[in-house]
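Enquirer: fold the stuff below for me.
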Amino acid sequence: MKKNTLILISVLSALLIFPSCEKDDDGPGSDSVEGFSSSVNNVYDAQYNFIVKNQEFETANFSDMPIDEIKPFVDEYIVSAEQYLEALNHIVEFEQNTKSLKGFYDGPECSAYDFIPTLDNGVGPGLVKGVGDIIKLNKEEMDQIQKDWEDGLISANEYKEKVGKLPQKNGGKALGLGVGAIMGTGAAVVTGAVVGTATLPAIATIAVVGGAVGVVTTWYANWTMSNKDGEPQSFMLTGKTEVGGVIPLSMFGDNANVVISVDGYAPVALNNFELPAAGINKTIEIEGVKIEDADMGGSTQVCLYEEPMTASSCTEVQFVSGTPSPIDPGPGEGVTVTATLVPPVADCSISFSIVGTDGYSNSATNNSNAGGQATFYIPGGAAGVVDNVTITSSNGKTYTVTYVF
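Expert: Numbers count the residues shown, from 1 in each chain. Next comes the predicted model:
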């Protein structure tokens, strides 16, 4: 497969999907690959819902909430975590039943990748454990608080105070879970915690040849990084875009395991994905296999090409991301949030809006510098205060940063 066979259908680059490649005739059939593809979609839906509920949980003001609404509110959050854990475990089931049979290679830029990841390059146990801990700890403590209230052992104020401490003790950020979800081609981003340490701006383009522009594409990436104490921390980012859209590599950690599922085709699992340098668009060119022709254990060829990423106007911004500094502020410590446009474009307006659980709010709009960045300063809050900072680019891309003092 030669690079000059590419048909460009994106202003950035293209992803080729051709019929055929390799399959395992002894596999259990196409239902398994189709089932895994469905599981990728389920992970996106469950993770997005969990993140939304996690943010609501971590920013809730329980002192102003009627008591009869508090437990149902917490239970709804726990259910979202249970649904997310179920979706993750379904992915793990496929990984447990998959053996890699890759066996072909075509030059330095191309190699074979499995349809379904194996346990060696799949969803890490740390992520599954982290979600399980959220469920177990919050359920146990909420049930005990509720029992103490019903037995008359605590007052209404004590009830609200105890529940109010749960988000800082057992929320996603408190338990070191880094998860994020991206809607569309960067039109909205929601993050539960800081998703990794952002690299310099880089993207990967997805496309399909032959009139398939607009086909829904779902993806996820997971990786492990060390936190400030040197302990491993699990991250997972998921997104839903369309053929011709892009993936925000600037939000990935190093050596991520990436799964890309284009509707109608077998997914591909890119293990130990190598991030490009700053300012690069990495084309992911897949020799696709129709999902009805794919067997579990099969693989296909993927070629990775790099080219400079360009943007000349604010309307061409694909994503905006944000990082607080410090990432884990102490009580009273001021925070500077840095927004980054991808690709970087100068003199674009970036809007910041902060709402804190202590009632503090503020907003500002600043222009990006030559590196596509702008900053916003937020004064420190008391211990346990949660800030929600929404960043919006001039063409409507958004990102949400959440941190706890």
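Enquirer: which SSE is immediately downstream of the helix or strand containing Thr241?
Expert: Element membership of Thr241, judged by DSSP states H and E, is strand 232-242. Moving toward the C-terminus from strand 232-242, the first helix or strand encountered (DSSP H and E) is strand 246-247.
Enquirer: who are the packing partners of that next one?
Expert: strand 202-205 (3 or more C-beta pairs under 8 Å, 6 or more residues apart in numbering; DSSP states H and E). Yep, even glycine has a C-beta here, placed from its N, CA and C like the rest.
Enquirer: same question for the strand it packs on, mean pLDDT?
Expert: Computed over strand 202-205, the mean pLDDT rounds to 83.
Enquirer: which helices and strands sit right next to that strand?
Expert: If you count contacts as 3+ C-beta pairs under 8 Å, 6+ apart, strand 202-205 packs onto strand 246-247, strand 280-286.
Enquirer: quick one: strands adjacent to the following helix or strand past that strand?
Expert: Once the chain leaves strand 202-205, the next helix or strand it forms, by DSSP H and E, is strand 216-226. Strand 216-226 pairs in its sheet with strand 232-242 (antiparallel), strand 256-262 (antiparallel), by DSSP bridges.
Enquirer: let me see the domain layout of this protein.
Expert: 11-310, 316-404 (automatic domain parsing).
Enquirer: quick one on the thing from earlier: ranking the strands paired with strand 216-226 by burial, who's on top?
Expert: Greatest average neighbour count among those goes to strand 256-262 (a mean of 25), per mean count of other C-beta atoms under 10 Å.
Enquirer: quick check: next helix or strand after that one?
Expert: Using DSSP H and E, the first helix or strand after strand 256-262 is strand 268-273.
Enquirer: gap between that next one and the chain center?
Expert: 16 Å (C-alpha atoms, centre = their mean, to the nearest Å).
Enquirer: what's it in contact with?
Expert: Applying C-beta atoms under 8 Å, 6 or more residues apart in numbering, the external contacts of strand 268-273 come out as 113-117, 120-122, 221, 252, 255-260, 284, 286, 300, 302.
Enquirer: report the buried residues of it.
Expert: 268-271, 273 (16 or more other C-beta atoms under 10 Å).
Enquirer: with mean pLDDT and distance to Asn388 added, can I get the strands paired with strand 216-226 in TSV?
Expert: Shown next, in TSV, are these (pLDDT from 0 to 100; distance: least, C-beta to C-beta, whole Å):
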stretch	mean pLDDT	distance to Asn388
strand 232-242	85	19
strand 256-262	93	26
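Enquirer: where does the stretch 51-200 of the chain dip in pLDDT?
Expert: For the stretch 51-200 of the chain, residues meeting the criterion pLDDT under 70 lie at 100-108, 184-200.
Enquirer: how about a cut-off of 50?
Expert: 192-193, 196 (pLDDT under 50).
Enquirer: how about the stretch 251-400 of the chain?
Expert: By pLDDT under 50, the stretch 251-400 of the chain contains no weakly predicted segment.
Enquirer: what ranges do the strands span in it?
Expert: Ranges of strands in the stretch 251-400 of the chain, per DSSP state E, counting those that start in this stretch, are 256-262, 268-273, 280-286, 299-308, 319-325, 335-342, 349-356, 361-367, 373-378, 386-393, 398-404.
Enquirer: only the buried residues of the longest one, if you could.
Expert: For strand 299-308, a neighbour-count test (16+ other C-beta under 10 Å) marks 299-305 as buried.
Enquirer: before we move on, back to that, could you say which of the strands of the stretch 251-400 of the chain is packed most deeply?
Expert: With neighbours taken as mean count of other C-beta under 10 Å, the strands of the stretch 251-400 of the chain reach their highest mean count in strand 256-262, at a mean of 25.
Enquirer: tell me what the spatially most central residue of the chain is bridged to.
Expert: Nearest residue to the geometric centre of the chain (C-alpha atoms, centre = their mean): Leu237, 1.8 Å. Note on Leu237: beta-bridge partners Gly180, Ala221, judged by DSSP bridges.
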